[in-house]
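K.L.:
missing the sequence, but the structure's below:
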């Protein structure tokens, strides 16, 4: 990040007043063709800051080993290679034919068993007595990249998902279901604009911004690699989401508030089981990132060089991130539910970390 981009980013977030937000829906999703003609600064200015989606061509992933090794010459999954390399790995599998609340039940099985099922599913005309099993959330590493196959994405910009909710406030399991036309079940659906549609080809990479409600359909036998991300541009969005998640938990178990010892602590425990993180862990996440950015700032130009070319991290990016971290941390410290968290063993204490961040911002004013 250069100084001009940092200044643009800081003006952008000052204009938002610290509240997560983004642009409205574009008429189409931008397609980025050539890696040589597109820089990190282009991506930061054009998509991260305005919170807009884009698609990167297969040229961006042409050198990936998975695209060479996991796929046959015909562009199909190379089951034999996957069996040799990963057959004994236990993977999570969702049953798309069964709905539990607003999700699918999951089981774990060796990859070789899943591949056996997948082969039978193909030979059976894409049907199986076991239903449609989907290997999902096997944690490797990247963004949403199609190694092979094609996907259809339906995207709704932030806020549009509110018009999809049913009369009980729940989001639909399938945004293409005819039941959405029932005004009694979905009273606000007529206010919902049509989704943006993307057909993602093999090798292409889709960037889905924070807060964009989306639904995905595999159009072929598909392998994709996905990565959830957080940085200075969407850190406040993450914090806003966590506050909403805690509020939802508190609403759900509000009737036991007076009778349950340590009710607030139990809310944090339940929140973590649902969201994978609670307020305490969010603080430790902020601390780790803050210390890394402060280290870069302390090394100055030397720290910029150590980050290496093309990483997007350097002196200006560290200053930008520190500013965003300080704003979010100040909000965390002021939150009444965080004030109920036992921070006695935290090192550094939240107020001390905030002071260090604010001092770093003041010292970097002339950079």
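P.N.:
Perfect, thanks for sending it. In this text, all values refer to a predicted model and were calculated from it rather than measured experimentally. Numbers count the residues shown, from 1 in each chain.
K.L.:
residue ranges of the strands in the stretch 201-350 of the chain, please?
P.N.:
205-207, 213-218, 223-225 (DSSP state E, counting those that start in this stretch).
K.L.:
deepest of these, which one?
P.N.:
Most buried of those, by mean neighbour count (mean count of other CB atoms under 10 Å): strand 205-207, with a mean of 21. For every residue, glycine as well, the C-beta is placed using N, CA and C.
K.L.:
shaky segments in this protein?
P.N.:
In the predicted model of the chain, residues 17-25, 101-103, 139-141, 143, 301-312 satisfy pLDDT under 70.
K.L.:
And the helices in the stretch 251-367 of the chain, which stretches?
P.N.:
Using DSSP state H, counting those that start in this stretch, the helices of the stretch 251-367 of the chain run over residues 263-275, 279-299, 301-307, 315-334, 336-339, 350-363.
K.L.:
still on that earlier bit, could the strands of the stretch 201-350 of the chain go into CSV alongside distance to residue 48?
P.N.:
Shown next, in CSV, are those (distance: least, CB to CB, whole Å):
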stretch, distance to residue 48
strand 205-207, 9
strand 213-218, 17
strand 223-225, 20
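K.L.:
hang on, the earlier thing: got the helices of the stretch 251-367 of the chain as a markdown table, with mean neighbour count and distance to residue 12 columns?
P.N.:
Formatted as a markdown table, the helices of the stretch 251-367 of the chain follow (neighbours: other CB atoms under 10 Å; distance: least, CB to CB, whole Å):
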| stretch | mean neighbour count | distance to residue 12 |
| --- | --- | --- |
| helix 263-275 | 16 | 27 |
| helix 279-299 | 17 | 19 |
| helix 301-307 | 14 | 22 |
| helix 315-334 | 21 | 10 |
| helix 336-339 | 14 | 26 |
| helix 350-363 | 16 | 17 |
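K.L.:
Now residue 203: closest residue in space, sequence neighbours ignored.
P.N.:
Excluding the flanking residues, the one nearest residue 203 by CB to CB, 6 or more residues apart in numbering is residue 58, at 2.8 Å.
K.L.:
Surely residue 173 touches residue 97?
P.N.:
No: applying CB atoms under 8 Å, one finds residue 173 not in contact with residue 97, separated by 11.9 Å.
K.L.:
What are the buried residues along stretch 98-107?
P.N.:
residue 104 (16 or more other CB atoms under 10 Å).
K.L.:
quick one, which of the helices of the stretch 251-367 of the chain is nearest to residue 13?
P.N.:
Among the helices of the stretch 251-367 of the chain, the nearest to residue 13 by CB to CB is helix 315-334 (7.0 Å).
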